[in-house]
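Peer 1: whatever this is, show me its structure:
(chains A and B)
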Amino acid sequence: MDIKDIIKPENKVYGKTPVLTDNVMHYCPGCSHGVVHKIIAEVIEEMGIQDKTIGISPVGCSVFAYNYLDIDWQQAAHGRAPALATATKRLYPDKYVFTYQGDGDLASIGTAEIMHACNRGENIVVIFINNAIYGMTGGQMAPTTLLGMKTATTPYGRDAKLNGFPLKITELIAQLEGTCYVTRQSVHTAAAVRKAKAAIRKAFENSAKDKGTSFVEIVSTCNSGWKLSPVKANEWMVEHMFPFYQLGDLKDR
Amino acid sequence: MAEKILMKGNEAIACSAIRNGVDGYFGYPITPQSEVMETLMAEKPWETTGMVVLQAESETASINMVYGGACCGKKVMTSSSSPGISLMCEGLSYMAGAELPCLVVNVVRGGPGLGTIQPGQGDYYQIVKGGGHGDYRCVVLSPASAQDMYDFVDKAFDLAFKYRCPAVILADGVIGQMMEKVEIHATKPRRTNEEIEKTCPWATVGKRADRPRNIITSLALESDVQEATNLRLQAKYRKMEEEDVLYSTYMTEDAEYLFVAYGCMSRIVETTVDMLRENGIKAGLLRPITLFPFPTKQIQALVPQIKSAMSIELSAGQMVDDVRLAVNGAVPVGFYGRLGGNICTPQEIFDAFKKFNNLQ
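Peer 2: Numbering: from 1, shown residues only, chains lettered A, B, ... in the order given. Sure thing, here's the model as predicted:
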């Protein structure tokens, strides 16, 4: 049998969602961003909300998220995405509005904006990529960098006395009355990807139900910043990140 | 006959926003402009026009809420005073770069730092020349009465949408706090979402199948792309200078001595002009209404007839630079101002004028 006899519509088992553009991604091989982009795009397609979804991209590696998802995008200043999302959702309550933010963007420079948007219970979705490092600027310490972890600005490892402690911002977010769904997921295995996608779908569905803010953290790898191969980065994440950033729902109501 | 109401300049901003189809206000309290949001909250426009009013957690959040609303093609605004405006300058630069219309009202107090809650005009450089990073300008309107505060809201949005740029009403604490009669004109409804999609095809309101996705960004890593953006912005600013300079004059036809003053100072200088005329000195006043674009040509046109020009400001001398550029050395240019929240009296200006011009 020739391969041409196999490639037929009736034999199709998987297709790239059209919500994902054909642009070549700038992310490093092994980076979690691409997978998370894909599952958001799939959720948007499956819910049939491409024409009602507005994404807010951050500053950091995913500043260019607007190149990859075929929806309307606003590119925010560093940390301010939740403020843009607040206004957009309040002015267009029938739209689906989500922010896509990294750990530096969300848990350092944008701490005030995310805490208050969540505390007001804005009906938005927050996708929080936590890879414990600043990727775009060259691998500096993030608020979520683990103790002892080496980065460009903690070359001898993060020292609590010098650099403070890693911030479990998702646990703080879960305490806020305004949030309805707070979960921590990962995308390092096929099973994890399926769970993360289900979480993102629930978050988008919540945002149309006036329930408050839905917050999905994805514990992610930055193998370039961590100076590991993609496979080793996944192993390192399981071994070091998961014990500190435990996966699962923190809140679901 | 139009309705006339006694109100503060700050209240006029709020009343005008509700009556001129503004879609959203996002702000944070600061003296001397807190009455803007207080009035909006008391009026509850979300129950009448559907206007969104939200007290944000900071000026930084306020301006970024404005950024988000502006991305959607909505008429959105904020107001603050000097220290709060410093925090907003990041957002102003982003909105200038992303070519978004909005209105920012700055009711200026004395600075630097926390300064004083009394009036000032020391934010001229910051607002007229930049404030945020990069090569950008805002349209800057300078009100001299509570009526101007009311009228300039609509005017500012017209210019902001004409040029897709931030517009600033640069008021001073006097104009914000002073109570005057304000004539309420016919109201303008909020635009429908359909009208917004038609007039703002760039707005991020959800990608319809019949158009490419809209992306609002101020980012361009390629130098040529960024330079093209810069050149487009500069062309816009040159067009503003050609088409949208606003100013008024008082007794300039036969003036031999020119005053230039804006905001509350323009009203005080009118009295000084009267005093000088009573003493046989032919003085006149040019009041820039748009501080950017600045009435450079209009000042230049007066240069052949004047012996000197003087800028009168509640600052250490900021607008005087633009007056000097306009006069370009043809006649002496002087300055008088007060600082720290103090306000020049007509007599002080009269005396400063005589001293500068060596007149008895």
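Peer 1: switch to C-alpha atoms for all contacts and neighbour counts from now on
Peer 2: Noted.
Peer 1: any buried residues in the host helix or strand of B:V168, and which?
Peer 2: Secondary-structure assignment from DSSP states H and E places B:V168 in strand B:166-172. For strand B:166-172, a neighbour-count test (16 or more other C-alpha atoms under 10 Å in any protein chain shown) marks B:166-172 as buried.
Peer 1: wasn't B:E194 part of a strand?
Peer 2: No - counting by DSSP: H, G, I helix; E, B strand; the rest coil, B:E194 is not found in a strand; it is helix.
Peer 1: let me see the mean pLDDT of the helix or strand that the strand holding B:V168 is followed by.
Peer 2: Per DSSP H and E, the first helix or strand lying C-terminal to strand B:166-172 is helix B:173-177. Throughout helix B:173-177, pLDDT has a mean value of 97.
Peer 1: contacts for helix B:173-177?
Peer 2: Contact with helix B:173-177 is made by B:8-10, B:32-33, B:107-109, B:117-120, B:143-146, B:149, B:263-264, as judged by C-alpha atoms under 8 Å, 6 or more residues apart in numbering or on different chains.
Peer 1: next one: it to chain centre, how far?
Peer 2: 13 Å (C-alpha atoms, centre = their mean, to the nearest Å).
Peer 1: any buried residues in it, and which?
Peer 2: Buried residues in helix B:173-177 (16+ other C-alpha under 10 Å): B:173-177.
Peer 1: ok, now stretch B:221-235?
Peer 2: Quick answer for stretch B:221-235 (16+ other C-alpha under 10 Å): B:229-230, B:233.
Peer 1: same check on stretch B:112-129?
Peer 2: B:116-124, B:127-128.
Peer 1: in the stretch 51-200 of chain A, which spans are helices?
Peer 2: With DSSP state H, counting those that start in this stretch applied, the stretch 51-200 of chain A shows helices at A:81-91, A:103-104, A:111-120, A:160-163, A:169-175, A:190-207, listed in chain order.
Peer 1: what ranges do the helices span in chain B?
Peer 2: Counting by DSSP state H, chain B has helices at residues B:9-19, B:35-43, B:59-71, B:82-98, B:124, B:146-163, B:173-177, B:193-199, B:223-243, B:264-278, B:296-302, B:319-327, B:346-356.
Peer 1: list the helices and strands the first one packs on?
Peer 2: Contact here means 3 or more C-alpha pairs under 8 Å, 6 or more residues apart in numbering or on different chains; DSSP states H and E; on that basis helix B:9-19 packs against helix B:35-43, helix B:146-163, helix B:173-177, strand B:179-184.
Peer 1: cool, and the fourth one?
Peer 2: The elements that helix B:82-98 packs onto, with contact taken as 3+ C-alpha pairs under 8 Å, 6+ apart, are helix B:59-71, strand B:102-108, strand B:166-172.
Peer 1: which residues touch the second one?
Peer 2: I take that to be strand B:102-108. The contact list for strand B:102-108, computed with C-alpha under 8 Å, 6+ apart, reads B:32-33, B:66-67, B:70, B:75-82, B:85, B:119-123, B:153, B:156-157, B:160-161, B:165-173, B:175-176.
Peer 1: tilt between that strand and helix B:35-43?
Peer 2: Taking axes from the mean of the first three to the mean of the last three C-alpha atoms, to 10 degrees, one finds strand B:102-108 and helix B:35-43 inclined to each other by 120 degrees.
Peer 1: following element in sequence after strand B:102-108, please.
Peer 2: Following strand B:102-108 in sequence order, the next helix or strand is helix B:124 (DSSP H and E).
Peer 1: for that next one, the distance to its chain's centre please.
Peer 2: Chain-centre distance of helix B:124: 10 Å, with C-alpha atoms, centre = their mean.
Peer 1: rewinding a little: the buried residues of stretch B:112-129 also near chain A: which ones?
Peer 2: Here nothing survives when the buried residues of stretch B:112-129 are matched to chain A using C-alpha under 8 Å from any C-alpha of the partner chain.
Peer 1: of those residues, which is the nearest to A:T170?
Peer 2: Nearest to A:T170 among the buried residues of stretch B:112-129 is B:I127, at 38.3 Å by C-alpha to C-alpha.
Peer 1: is any part of stretch A:66-75 close to chain B?
Peer 2: Yes - Stretch A:66-75 lies within reach of chain B by C-alpha under 8 Å from any C-alpha, at A:66, A:70-75.
Peer 1: which ones among these map onto strands?
Peer 2: In this view, the residues of stretch A:66-75 next to chain B that belong to strands under DSSP state E are A:72-75.
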